[in-house]
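Trainee: need coordinates for the below:
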Amino acid sequence: MPDNVLIRVPATTGNLGSGFDCVGMALALYNEITFKIIESGLKITIVGEGAQEIPINTDNVCIRAANRVFDKIGWRPTGLSVHMNHAIPVSRGLGSSGVAIVGGAVGANELAGQPLPTTEIMKICSDLEGHPDNVVPSLLGGLSISGERENTIIYQTYQIQPPLKAVVAIPEFTLDTKTARQALPSHVTMDDAVFNLCSVGLLIGSLISGRYENLRSGMADRLHQPFREPLIPGLSDVVQTALDMGAHGAALSGAGPTAIALATEHFEEIGQGMSSAFEQHQIKSQIRILNIDNLGCQIDPS
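Mentor: Numbering: from 1, shown residues only. Purely as a prediction, here's the structure:
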C-alpha cells in the first residue's frame with residue numbers, strides 16, 4: 001500500500017439546463033489533493049480557491065468522505081496529512097463539493113490498497129453529496145447520466161470530443177446549493193415535465209452525436225432555472241447573449257451562480273459577451289474557456 005498519493009479531480013457542470021439532478025459533465029479545471037500517512041493525528045493544509053473558508057478539521061467534506069471509506073473497510077492510517085491545491089471556485093456551481101468528496105474517497109481507497117471497486121466508491125460519494133450527477137463525471141469524466149435505483153447508482157458515460165468547449169462566466173458572489181434548492185417548487189406541471197423530457201433527449205443526443213443544431217433547445221429548462229433566476233441578477237441576459245454570440249447552448253451551471261455556454265468557435269467573443277451582460281447588472285465575473293475532461297479522477301502514487 002502506498003503511503004503517499006496525489007489525486008487530481010476535475011470540476012463539473014451539473015444539469016446542463018434540462019438534465020436536472022441527472023446530467024453532468026466534467027471540465028478541465030482541477031483540484032489536486034495529496035494524502036500522506038503520518039505517525040499520528042490529522043494535518044490539513046489548503047491553498048488556492050476558497051482556502052480561507054474551508055475547514056481544516058474533520059468537518060472538511062474531503063475528510064468526511066475519506067473517513068466513510070475507512071469506516072467501510074475497517075482500516076485507517078495511523079495519522080493523515082492532506083494538502084489541497086484548489087483551482088475550482090467554491091459554491092459557484094462547478095461541483096466543488098463533489099470534487100472534494102470524490103478526492104477524499106478515492107484518496108482513502110488508494111491508501112488502503114484499493115479494496116473498494118469504483119461502484120462502491122461512487123455510492124459512498126453519492127450518499128454524501130446527496131445525488132450522483134456531479135460525483136459521477138468527477139470520478140469517471142466526460143458526459144454522464146446518472147441516478148439511484150434500488151440503492152444502486154445507475155449511470156452511463158460518454159466521451160465528448162473537441163472542438164466543443166465550455167465557456168463559463170463565474171460571478172464574484174457565491175450561492176449556497178441549499179438556498180438554490182429552497183427556491184424550487186415542490187410540484188411541476190405535466191406540460192413542464194414533458195417539455196424537459198423532450199429537452200433532455202435533445203441534449204444527450206446532440207452531445208454524443210456531435211450534431212449541435214438542437215443543443216439550444218436541448219438545454220432549455222422549465223424545472224429549476226426559472227425559479228433560480230431571481231437569485232442570480234442578469235442570468236437570462238447572460239444566457240441569451242451567449243446564444244446571440246454563437247454558442248450552441250447555454251444555461252445555469254449546477255445550482256449557480258456560474259453560467260455556462262457550449263460552443264465550437266468564437267469562445268473569446270462569447271465569454272466577453274457573457275461578462276458584459278453580467279456587468280449590466282452590476283455583477284463582476286471571471287471568464288474561463290475550458291475543454292471537456294474525459295478522464296475523470298486521476299491517481300498519481302508517489
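Trainee: restricting to C-alpha, output stretch 226-245 in CSV.
Mentor: Extracted in CSV, the C-alpha atoms of stretch 226-245 (Å, rounded to 0.1, in the frame of the first residue of the first chain):
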residue,chain,number,x,y,z
PRO,A,226,-36.8,29.9,-14.0
PHE,A,227,-37.1,29.6,-10.2
ARG,A,228,-33.4,30.3,-9.6
GLU,A,229,-33.0,33.2,-11.9
PRO,A,230,-34.1,35.7,-9.2
LEU,A,231,-31.1,34.6,-7.2
ILE,A,232,-28.7,35.5,-10.0
PRO,A,233,-29.1,39.0,-11.4
GLY,A,234,-28.8,39.1,-15.2
LEU,A,235,-28.8,35.3,-15.7
SER,A,236,-31.3,35.3,-18.5
ASP,A,237,-29.5,38.1,-20.3
VAL,A,238,-26.2,36.3,-19.9
VAL,A,239,-27.7,33.1,-21.4
GLN,A,240,-29.3,35.0,-24.3
THR,A,241,-26.1,36.9,-25.0
ALA,A,242,-24.1,33.7,-25.2
LEU,A,243,-26.6,32.3,-27.7
ASP,A,244,-26.6,35.5,-29.7
MET,A,245,-22.8,35.4,-29.9
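Trainee: show me what it is in contact with.
Mentor: 167, 169, 171, 175, 179-180, 183-185, 216, 225, 249-252, 255-257, 259, 261, 263, 266, 269-270, 273-274, 276-278, 280-283 (Cβ atoms under 8 Å, 6 or more residues apart in numbering). In short, each C-beta sits where N, CA and C put it, glycine included.
Trainee: how about that stretch: buried residues?
Mentor: 227-229, 231-235, 237-239, 241-243, 245 (16 or more other Cβ atoms under 10 Å).
Trainee: stretch 69-79 too?
Mentor: In stretch 69-79, the ones that count as buried by 16+ other Cβ under 10 Å are 69-70, 72, 76-77.
Trainee: so of the residues you listed, which two are at opposite extremes in space?
Mentor: Of all pairs drawn from the buried residues of stretch 69-79, the greatest distance, 14.6 Å, lies between Lys72 and Pro77 (Cβ to Cβ).
Trainee: off-centre distance for stretch 89-107?
Mentor: 7 Å (Cα atoms, centre = their mean, to the nearest Å).
Trainee: wait, is Gly98 part of a helix?
Mentor: Yes - counting by DSSP: H, G, I helix; E, B strand; the rest coil, Gly98 is part of a helix.
Trainee: tell me how many other residues crowd it.
Mentor: For Gly98, the neighbour count with other Cβ atoms under 10 Å is 32.
Trainee: re earlier: give the buried subset of the contacts of stretch 226-245 as a ChimeraX selection command.
Mentor: To isolate the buried members of the contacts of stretch 226-245 in ChimeraX, using 16+ other Cβ under 10 Å:
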select :167,169,171,175,180,216,225,249,250,251,252,255,256,257,259,261,263,266,270,273,274,277,278,283
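Trainee: keep only those of the contacts of stretch 226-245 that are in strands.
Mentor: 167, 169, 171, 249-252, 259, 261, 263 (DSSP state E).
Trainee: contacting residues for Ala259?
Mentor: Going by Cβ under 8 Å, 6+ apart, the list of residues near Ala259 reads 168-169, 232, 235, 238-239, 242, 250-253, 274, 278.
Trainee: what's the offset of stretch 27-36 from the middle of its chain?
Mentor: 13 Å.
Trainee: list of residues touching it?
Mentor: 3-13, 48, 62, 66, 80-88, 94, 96, 99-100, 103-104, 107-108, 110-111, 166, 168, 288, 290-293.
Trainee: what about dumping the CA coordinates of it to PDB?
Mentor: Extracted C-alpha coordinates of stretch 27-36, given in PDB (Å, rounded to 0.1, in the frame of the first residue of the first chain):
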ATOM      1  CA  LEU A  27     -14.500  20.200 -17.100                       C
ATOM      2  CA  ALA A  28     -10.700  20.700 -17.500                       C
ATOM      3  CA  LEU A  29     -10.300  22.600 -14.200                       C
ATOM      4  CA  TYR A  30      -8.800  20.700 -11.400                       C
ATOM      5  CA  ASN A  31      -8.300  20.400  -7.600                       C
ATOM      6  CA  GLU A  32      -5.200  18.400  -6.500                       C
ATOM      7  CA  ILE A  33      -5.200  16.600  -3.200                       C
ATOM      8  CA  THR A  34      -2.100  14.900  -1.700                       C
ATOM      9  CA  PHE A  35      -2.600  12.300   1.000                       C
ATOM     10  CA  LYS A  36       0.300  11.200   3.200                       C
END
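Trainee: I appreciate the help and will end here.
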